[in-house]
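Asker: Sequence and predicted structure, then a few things I'm wondering about:
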Amino acid sequence: MEKIRLATRESALALWQTEHVAARLREAHPGLEVELVPMTTRGDQVLDQPLAEIGGKGLFLKELEVAMLEGRADAAVHSLKDVPMELEGPFELAAVLERADPFDAFVSNQFASLEELPFGARVGTSSLRRQALLRAHRPDLKLLDLRGNVNTRLAKLDAGDYDAIVLACAGLERLGLGARIRERLQAPRFIPAAAQGAVAVECRQGDAATLALFAPLDHESTRLCTRAERAMTRLLGGSCRVPIAAYATLKGDRLSLEGLVGDAKTGQTVRGYASGPVAEPEKLGEQVADMLVARGADALLP
Ligand SMILES: NCc1[nH]cc(CCC(=O)O)c1CC(=O)O
C-alpha cells in the first residue's frame, strides 16, 4: 500500500488525534503517503438533545464507517471511549495506541480543587458518570448540562456560566490546554470511563493490508487494560444512559480492574474490584461486572 486515507471528525481534538496517528504511521513506514479525510457526524451536529436519546455514542462513528465501506477511506481514528462496546458491522480495531492521562480534570478560574468549591457551586458536565461521581462526593453542588467540543466547553466556563467544569485530562493536554487543569480527579475516588485517554484505529474487518500497516502502533498494555474495561461495561449493558466507570491497570502479569455503577440523580454508587491474569482481560471484566450486580448495581441499570 502506498497511500492510506484516514477518516476523522473535524473537531480540533479529533484532528489532533488523527494527525498523531498519521505521524506515527509515517514514522513506522517511511515513504507511505497518509491523507486525512475530515467529516462531520450527526453526533457533532445535534447539540441540543441528550446523546442517549438520539442514538448514543455510535453517532460519532457512522459517517466514518460509511466512508470506509464506500472506499473513500481505509481507516477511521476515534477516541476509544466513544467507540461502542460492541462494534457493529464488518469492522475491527486495527490498533489501540498508548493511553495518555486517563483521568478527569477539574477546571475552574476561581477554585483550585473540587474540595474548595463553595456550597452549592455550579458545575458543568453532561456526562452521567461525572454527575454521579460529583454527587457522590459533593451532594450540595448544582450540576448543569454542558455539551460541545473542548473549546466550546472552556468558553462557556470563561463566560461565567459555571464555577467549574469537568472534562478529560487527555483532551485538554492534546490541545495544549494542560495548564487549565486545576486538579486531576484520580482513581479510586474518581473512576474514568472505559478507555478514556486512548486513541483507536478502526478498519474494515479482515482488511489484511490495513491491519498490517497499523500493527506497529498497537500498545499492548493499553489494549489489554481497555479490553477488560470495555468487557465490564459491555456486560452491564453499557451505554451513555447509565453512569458506568471502569479503570484497569497492568503490573507485571496481573491486570487489576476497578468498576463502578452510579446514579446521576442521587449520587448513589456501587463499587467493585478484582485482579486476574493478563491473558484473560474479558474474564476479569466479567468478574467485576458480576461483583457489581451482586452488590446491587442491577437496581441502577435499565
Ligand atoms: N466525550 C467526548 C470525548 N471523547 C474523548 C474525549 C477526551 C479524550 C479521551 O478520553 O481520549 C472527550 C472529551 C471529554 O470527555 O472531555
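Answerer: Looks like it arrived, so ask away. A quick note: this is a predicted structure, and the numbers were derived from the prediction, not measured.
Asker: for Arg182, what are its contacts?
Answerer: For Arg182, the residues meeting the contact criterion (CB atoms under 8 Å, 6 or more residues apart in numbering) are 105-108, 111-113, 164. Glycine gets a C-beta too; all of them are placed from N, C-alpha and C.
Asker: Which one of these is nearest to Gly206?
Answerer: Lowest distance from Gly206 to the contacts of Arg182 (CB to CB) belongs to Ala105, with 38.5 Å.
Asker: The closest one contacts Leu157, correct?
Answerer: No: when contacts are counted by CB atoms under 8 Å, Ala105 is not listed as touching Leu157 (11.6 Å).
Asker: In strands only, show me the contacts of Arg182.
Answerer: Among these, the members falling in strands (DSSP state E) are 105-107, 164.
Asker: rewinding a little: now the buried members of the contacts of Arg182.
Answerer: Among these, those scoring as buried are 105-108, 111, 164 (criterion: 16 or more other CB atoms under 10 Å).
Asker: Tell me the spatial nearest neighbour of the residue of the stretch 1-150 of the chain found nearest the ligand, not counting adjacent residues.
Answerer: Ranked by CB to the nearest ligand atom, the top residue of the stretch 1-150 of the chain for proximity to the ligand is Ser79, at 3.4 Å. Ranked by CB to CB, 6 or more residues apart in numbering and with sequence neighbours excluded, the top spatial neighbour of Ser79 is Val199, at 6.4 Å.
Asker: Report pLDDT for the one you found.
Answerer: pLDDT recorded at Val199 is 98.
Asker: Please apply the same query to Lys57.
Answerer: Confidence at Lys57, expressed as pLDDT, is 56.
Asker: Could you export the ones in strands among the contacts of Arg182 as JSON lines, including pLDDT and distance to Pro281?
Answerer: Formatted as JSON lines, the entries for these read as follows, by pLDDT from 0 to 100; distance: CB to CB, whole Å:
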{"residue": "Ala105", "pLDDT": "98", "distance to Pro281": "27"}
{"residue": "Phe106", "pLDDT": "98", "distance to Pro281": "30"}
{"residue": "Val107", "pLDDT": "98", "distance to Pro281": "32"}
{"residue": "Ala164", "pLDDT": "98", "distance to Pro281": "34"}
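Asker: Now render the residues you listed as TSV, adding distance to the ligand.
Answerer: As requested, those are exported to TSV (distance: CB to the nearest ligand atom, whole Å):
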residue	distance to the ligand
Ala105	8
Phe106	12
Val107	10
Ala164	14
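Asker: just checking, what packs against the helix or strand that contains His20?
Answerer: Counting by DSSP states H and E, the element that carries His20 is helix 12-28. Based on contacts counted as 3 or more CB pairs under 8 Å, 6 or more residues apart in numbering; DSSP states H and E, the elements that helix 12-28 packs against are strand 3-9, strand 33-39, strand 75-79, helix 150-158, helix 169-174, strand 199-204, helix 208-214.
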